[in-house]
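[1] test case, fold it:
(chains A and B)
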Protein chains: 2
Amino acid sequence: MTQAEIRPADSTPVAHWVHQLKRSALQDMLVLVSQPGVLSFALGLPAAELFPAEAYARAMAQVLTTDPRALQYGPPFQSLKTHITALMKQRGVLCSEAQVFLTSGAQQGLSLLVRLLLNPGGVVLTETLTYTGFQQVLEPFQPRVVTVPTDPATGMEIDQVEARLARGPRPALLYAMSDGHNPLGVSLSPGKRRQLVDLARRYQVPIIEDDPYGFLQYESSSTPPLRALDDQWVFYVGSFSKILAPALRVGWLIVPESLVPALETIKEASDINMAPLTQRAIVAYLDTGHLAGHLEKLRGEYRARRDAMLSALRQHFPPQASWHTPASGMFIWVELPEGMQAGKLLERAIETERIAFLPGQAFGMHDDAWARRCLRLNFSNSRPEQILEGIARLGRLLAEF
Amino acid sequence: MTQAEIRPADSTPVAHWVHQLKRSALQDMLVLVSQPGVLSFALGLPAAELFPAEAYARAMAQVLTTDPRALQYGPPFQSLKTHITALMKQRGVLCSEAQVFLTSGAQQGLSLLVRLLLNPGGVVLTETLTYTGFQQVLEPFQPRVVTVPTDPATGMEIDQVEARLARGPRPALLYAMSDGHNPLGVSLSPGKRRQLVDLARRYQVPIIEDDPYGFLQYESSSTPPLRALDDQWVFYVGSFSKILAPALRVGWLIVPESLVPALETIKEASDINMAPLTQRAIVAYLDTGHLAGHLEKLRGEYRARRDAMLSALRQHFPPQASWHTPASGMFIWVELPEGMQAGKLLERAIETERIAFLPGQAFGMHDDAWARRCLRLNFSNSRPEQILEGIARLGRLLAEF
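    Here you go, the predicted model:
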């Protein structure tokens, strides 16, 4: 996949940074994989067949027939914040409703936080390979991005974070995913979590903890997010996209209460307010108490898909290829044997097999030789039998390389 | 109403511009007027009792029961763009689907366009009194804002626009509302529209034409928007908020096709994509063909409310107060006799009468002596009998001044 430059007509005077804007690989993929007949391991899509569509339709009908104000403008809905504090408690996070800030999905949460914290040309600390949506949020600020590598088995290299912080300058923010890292699939070890939060405190650097997958845990035990360790320097980003449905466009931040008024104004400038209709419908759904069972179902189903993919990889991928078992999230990161190129595999996979995935370099803050022979495989959006079939076909292509 | 500073805790290092951030008067109002018993002429709220809630509930149920992909992520929905081109044709605007860009309401449209066009510290040309949401969009850019006055009878002073453009420097954008100006209620005369578009072409300055009220016309004839006169320099901002319901959070831009890829990437960084569910539900509603009748009903009802307010003003306000009849939109701008202060009237009105409105200076790009004795009155969100009663009570308060 080529990341074409986006060229506005020369005649329109756009802002300087727009001239460096790259077209989003993910957006192109979203169009590609919407085509019939494409088997996609490419995007972080939840399984559409698992959406609680009927229950949500009932909740929506109830709200629309009983409360016309749900279609009006309106302030954030307190009962939704109450539900979110209860949800966070399940993750081991204690927070007050006054610390919960509602957003149009996690992506908006990131966008608002970066707007709040980052000056144009400021310094940002993050991982060498990281979520592309965060990279996009940074683009208009043209920041100085400082990166540390990530160990695919234990997560972000915290010693290198410390070295960077000690050397200075102090970054405006540090971006981290502690569970089900996108794209690497790894979850941070408990020791690393403590170490990272200690550094944030010591160097007074806000951590944006992006946690869209935190409720999707596949092992018997999991570790609470960074926010459980600190309520001043960890700004938590959560979302209903992966646990209910992306089209709700509802997520949340957990931040120090003193930052909420500024975030309210930034949010108002972005899109005025959250849709009261959606907030009320989610509350009506959550009030039924069905979420716990739904989450159990999701975890069971995604665990089965993950395991199907791991088993197919063992069976069909070359023995020199390697990967780890993700304890959370939606992705397996596969390292191909030296000399192989994930980009070339993708071209051939789409052309001859109608199978899509994302090559590792799509997630590189900078060009990265290692990432070029890695691929990110999504396991949440295909059924186990499709996964077995698709990985077998990718394995055959690899054997021909 | 005081616009309190927003003070993040000193310990959190936020971006520089955040220290100058003002709390939004409108957001405070939205909380205030949500209280029971407050009669509000303050906000630009449509009438909740006129929302097509039942028809929209049917459309939503239809989508949710037939298409689970509506709850997934997804690219913009082509059929919605088709409906929008047809709608725009009713306003005298010819555009292609490829020029339509879907947004989460008009506010997001403004926010995306400003991000596209404006460099930090750049120059913006707009009116002395203008929509506060646009002012908020500008804040993070800390631009140099150049303003021209607006004639309450004929709209923006185009001669002064020309003088400003001739003097230079060229602004990154010019912001205008050609119909139902917020807060002044005025619509630009046809001659001024032509003159303004000619200037945009001659000086190569993009006009952001904000048109949330364009479909709410109360006189027998109306003038097409600026976009009907030019498809290269006029960037049109439209919305379903005022003609269907704000909680849909769906609006649109009409821009040169060459700018769409950049806008797609900016939108993706902001909140990934439009909710497919809402797009499909709106299409299902529009497919029934009910919008034309609904618009007729809205125009009739809002015209009656406008006329009730005009009649009450004539009866109860001091003879030295003045106003014009708005041909479109939701607001009447009232100038009080010299020596009176709208802010003081508001304090007393809230305290003793539980009536709210916005004083003119809430819309000032800079402090403005004239605006301080003006008020913006919304007529769309109260029934005629409430309007008569409320204006009579405001009139009594004024008589005591």
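[2] name the helices or strands packed onto the helix or strand containing A:Glu385?
    Secondary-structure assignment from DSSP states H and E places A:Glu385 in helix A:384-400. The helices and strands touching helix A:384-400, judged by 3 or more Cβ pairs under 8 Å, 6 or more residues apart in numbering or on different chains; DSSP states H and E, are strand A:39-40, helix A:291-316, helix A:342-348, strand A:355-356. For every residue, glycine as well, the C-beta is placed using N, CA and C.
[3] would you turn the ones you listed into TSV with distance to B:Ile266, mean neighbour count and mean pLDDT?
    Formatted as TSV, the helices and strands packed on helix A:384-400 follow (distance: least, Cβ to Cβ, whole Å; neighbours: other Cβ atoms under 10 Å in any protein chain shown; pLDDT from 0 to 100):
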stretch	distance to B:Ile266	mean neighbour count	mean pLDDT
strand A:39-40	25	21	93
helix A:291-316	32	17	98
helix A:342-348	26	17	92
strand A:355-356	25	22	94
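[4] what's the closest of the ones you listed to chain B?
    strand A:39-40 (11.9 Å; Cβ to the nearest Cβ).
[5] still on that earlier bit, tabulate the helices and strands packed on helix A:384-400 (TSV), appending distance to chain B.
    Shown next, in TSV, are these (distance: least, Cβ to the nearest Cβ, whole Å):
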stretch	distance to chain B
strand A:39-40	12
helix A:291-316	13
helix A:342-348	20
strand A:355-356	15
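[6] what would these look like in JSON lines with distance to B:Val137?
    Below are the helices and strands packed on helix A:384-400 laid out as JSON lines (distance: least, Cβ to Cβ, whole Å):
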{"stretch": "strand A:39-40", "distance to B:Val137": "36"}
{"stretch": "helix A:291-316", "distance to B:Val137": "36"}
{"stretch": "helix A:342-348", "distance to B:Val137": "39"}
{"stretch": "strand A:355-356", "distance to B:Val137": "37"}
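[7] returning to what we had before: in the helix holding A:Glu385, which residues are buried?
    By neighbour count on 16 or more other Cβ atoms under 10 Å in any protein chain shown, the buried set for helix A:384-400 is A:384, A:386-391, A:393-395, A:397-398.
[8] can you map out the helices along the stretch 201-350 of chain A?
    A:260-271, A:276-287, A:291-316, A:342-348 (DSSP state H, counting those that start in this stretch).
[9] just confirm yes or no for the second one near chain B.
    Same thing as helix A:276-287. Yes. Interface with chain B: helix A:276-287 contributes A:276-278 (Cβ under 8 Å from any Cβ of the partner chain).
[10] flag the least confident of those residues.
    Lowest pLDDT among those: A:Pro276, with 93.
[11] and it, how many neighbours?
    Neighbourhood size, A:Pro276 [other Cβ atoms under 10 Å in any protein chain shown]: 23.
[12] shaky segments in the stretch 301-401 of chain A?
    Under the criterion pLDDT under 70, no range of the stretch 301-401 of chain A is flagged.
[13] what's the distance between the residue in it that chain B sits nearest to and A:Phe41?
    Nearest to chain B, among the residues of the stretch 301-401 of chain A, is A:Asn381, at 9.1 Å (Cβ to the nearest Cβ). Distance from A:Asn381 to A:Phe41, counting by Cβ to Cβ, to the nearest Å: 8 Å.
[14] and A:Met29, by the same measure?
    Taken as Cβ to Cβ, the span from A:Met29 to A:Phe41 is 11 Å.
[15] so what's A:Met60 closest to, chain neighbours aside?
    A:Ala281 (4.6 Å; Cβ to Cβ, 6 or more residues apart in numbering or on different chains).
[16] equivalent analysis for A:Ala106, please.
    Using Cβ to Cβ, 6+ apart, the closest residue to A:Ala106 is A:Ser239 (3.8 Å).
[17] just A:Ala153 next, same as before
    A:His324 (5.6 Å).
[18] tell me who's in contact with that neighbour.
    A:His324 sits next to A:152-153, A:185-186, A:332-333 when contact means Cβ atoms under 8 Å, 6 or more residues apart in numbering or on different chains.
[19] swap in 7 Å and give it another go.
    A:152-153, A:185-186 (Cβ atoms under 7 Å, 6 or more residues apart in numbering or on different chains).
[20] looking at the residues of helix A:276-287 next to chain B, spot the one nearest A:Phe215.
    A:Thr278 (19.0 Å; Cβ to Cβ).
[21] isn't the closest one right up against A:Gly251?
    No. Under the criterion of Cβ atoms under 7 Å, A:Thr278 is not in contact with A:Gly251, lying 11.5 Å apart.
[22] identify each buried residue in stretch A:360-377, please.
    So for stretch A:360-377, counting by 16+ other Cβ under 10 Å, buried means A:360-365, A:368, A:371-377.
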